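A.B. asks: Structure for the following, please:
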Amino acid sequence: MITTTSATRERARRRGRGAVTRSIFPPSSGPQEGRRSATLDHDALVAQDAKRCRRGVMDRRGRRVSRRRVDEVGRQRDPWNVAKVYPPQVFEALSECLRTVYWYTDDLKSFLIRCGVPRARVAALDWTYKRTGVRELLDELASQGAAGTPLVKALIGAVVEQDDTYPHLSKLTGKVEGKSLVKEARAAVRALKDLLGDQAVVDHAEAARAENRTEVERRRSETAARAQALAKLKQRFMDLGALADPRKRGLDFQTWLRELFDLHDLEPRGSFAGEGEQIDGSIRIDGQTLLVEARWTTELVAPEGVRDFVGKFEHKLDNTLGLMISVNGFTDAANGKATSGGRLMAIFVDGRDLYPVVDGLIDLRQLLARKLRHAAEKGEPMYRVGS
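C.D. replies: Numbers count the residues shown, from 1 in each chain. You can find the predicted model right below:
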């Protein structure tokens, strides 16, 4: 708003209009000072309005403002709550806390999901190392400004609220190493608390406890919805077995698998073709891409079938791995064709693996993780749960 001139005041007085609109600049401010005042930062303007509201003074249009309008004015001036965006130092300290408080990546992922990070977003992060996954998430939240503040606040609250003995760390390894991990975690959390200040730590802890009261209900609802989705997939899986047309059964099985992969946040991608080849699809787990081929035939998959599948991608990136799914299983000789050039190229899944998954006895991600670890350690394409 522009400061009114003496001529304007005189015209208003003659017309009987009384008080005129007040300037945000003091009457004694000159042009240069007025321009400097116009550069007041956002938080200063918010505080100025709130102070005027509390005193019941005139607003900038000459109207008296009641105390009840304090929150309203604050929302008008600061609708996104910008003043509460955390500085970079807090993000750095929080990153170090998440890295040290959780030793295993899966435990860290579960923590993030419980704090409200969408499961699909957690799965999409680069988990080559814990540090890279955490930094990618926090960088994204920082770039969102105040929109990401509630989630950052939830993460901070959950971290500072934890038992500082960290029993999950002390039990992981031997006494000496366990104590070292706990010490490192305590130091990281202490650094975060020092940045926040004592009162902020109390506020975050109280907010975390309040959030925890609704977390149980949220998880219960999520578990029920997941169980319902698995029950529907199980019924469709049984219905597929009753189909007489093998071609339709095979196509419907691919659709069914994609929905199963999607339920377990494996980022499924549909079929795609290359030069002289056809791939049924792909999934991602822990940063590893698996090319998928699915079959539901009456016969066991023979060595030739595995050899043809491996041949579709053996000339791709060195770390490319295949996932071959055959409901009725594989012949014993098929195992030997899963290797090429002395390297295991594919892992196997059959119906005996899928039934426990749709029954809810084992998570598909856990099943695939175990198979991948077994393949890396033993060089064998097939792994049975419990073996």
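A.B. asks: Only alpha carbons, please: show the helix or strand hosting Leu138 as CSV.
C.D. replies: Assessed by DSSP states H and E, Leu138 sits inside helix 130-143. Below are the C-alpha coordinates for helix 130-143, written out as CSV (Å, rounded to 0.1, in the frame of the first residue of the first chain):
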residue,chain,number,x,y,z
LYS,A,130,20.6,-47.0,3.8
ARG,A,131,22.1,-43.5,3.5
THR,A,132,21.1,-43.1,-0.1
GLY,A,133,17.5,-44.1,0.6
VAL,A,134,17.1,-41.8,3.5
ARG,A,135,18.8,-38.9,1.8
GLU,A,136,16.5,-39.3,-1.3
LEU,A,137,13.4,-39.2,1.0
LEU,A,138,14.5,-36.3,3.1
ASP,A,139,15.6,-34.3,0.0
GLU,A,140,12.2,-34.8,-1.5
LEU,A,141,10.5,-33.7,1.8
ALA,A,142,12.8,-30.6,2.0
SER,A,143,12.0,-29.6,-1.6
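A.B. asks: contacting residues around that helix?
C.D. replies: The contact list for helix 130-143 (C-beta atoms under 8 Å, 6 or more residues apart in numbering) reads 86, 88, 91, 94-95, 98-99, 102, 105, 108, 112, 117, 121-122, 125-127, 148, 151-152. Quick note: C-beta positions are derived from backbone N, CA and C, even for glycine.
A.B. asks: Buried ones among these?
C.D. replies: By neighbour count, with 16 or more other C-beta atoms under 10 Å, the contacts of helix 130-143 hold 86, 91, 94-95, 98-99, 102, 105, 108, 112, 117, 122, 125, 127, 148, 151-152 as buried.
A.B. asks: Please parse the protein into its domains.
C.D. replies: 6-78, 84-214, 243-378 (automatic domain parsing).
A.B. asks: which one of the ones you listed has the lowest average pLDDT?
C.D. replies: Across the domains of the chain, domain 6-78 has the smallest mean pLDDT, namely a mean of 43.
A.B. asks: ok, back up a step: could you say what helices and strands the next helix or strand after the helix holding Leu138 packs with?
C.D. replies: Per DSSP H and E, the first helix or strand lying C-terminal to helix 130-143 is helix 149-160. Here helix 149-160 touches helix 88-101, helix 105-114, helix 130-143, helix 175-196, helix 198-241, going by 3 or more C-beta pairs under 8 Å, 6 or more residues apart in numbering; DSSP states H and E.
A.B. asks: Redo the ones you listed as TSV? Include distance to Arg307.
C.D. replies: Below are the helices and strands packed on helix 149-160 laid out as TSV (distance: least, C-beta to C-beta, whole Å):
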stretch	distance to Arg307
helix 88-101	43
helix 105-114	34
helix 130-143	36
helix 175-196	46
helix 198-241	27
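A.B. asks: Relative to Arg258, tell me which of these wins on proximity.
C.D. replies: Among those, the nearest to Arg258 by C-beta to C-beta is helix 198-241 (11.0 Å).
A.B. asks: Count the residues that sit near the nearest residue in space to Gly360 that is not next to it in sequence.
C.D. replies: Using C-beta to C-beta, 6 or more residues apart in numbering and skipping the chain neighbours, the partner closest in space to Gly360 is Leu230 (5.4 Å). Neighbour count of Leu230, defined by other C-beta atoms under 10 Å: 18.
A.B. asks: what's the distance between Leu230 and Arg236?
C.D. replies: Leu230 is 11 Å from Arg236, where distance means C-beta to C-beta, to the nearest Å.
A.B. asks: again with Val310
C.D. replies: According to C-beta to C-beta, Val310 stands 30 Å off from Arg236.
A.B. asks: can you check Leu112 too?
C.D. replies: 31 Å.
A.B. asks: again with Leu137
C.D. replies: Per C-beta to C-beta, Leu137 is found 34 Å from Arg236.
A.B. asks: More neighbours: the two, which one.
C.D. replies: Shown here are Leu137 and Arg236; by other C-beta under 10 Å, Leu137 has more neighbours (23 against 16).
A.B. asks: count of residues packed around Thr297?
C.D. replies: For Thr297, the count of nearby residues is 13 (other C-beta under 10 Å).
A.B. asks: Repeat that for Ala191.
C.D. replies: 16.
A.B. asks: give the contact list for the closest residue to it other than its chain neighbours.
C.D. replies: Excluding the flanking residues, the one nearest Ala191 by C-beta to C-beta, 6+ apart is Ala93, at 5.2 Å. Neighbouring residues of Ala93 by C-beta under 8 Å, 6+ apart: 188, 191-192, 195.
A.B. asks: Can you say which of the helices and strands packed on helix 149-160 is nearest to Tyr383?
C.D. replies: helix 105-114 (18.0 Å).
A.B. asks: mind listing what's buried in that closest one?
C.D. replies: 105, 108-109, 111-113.
A.B. asks: Confirm for me that Ala333 is in contact with Val301.
C.D. replies: No: judged on C-beta atoms under 8 Å, Ala333 makes no contact with Val301 at a distance of 10.2 Å.
A.B. asks: quick one, which of those two is more surrounded?
C.D. replies: Neighbours around Ala333 and Val301, counted as other C-beta under 10 Å, are more numerous at Val301. The numbers are 23 against 12.
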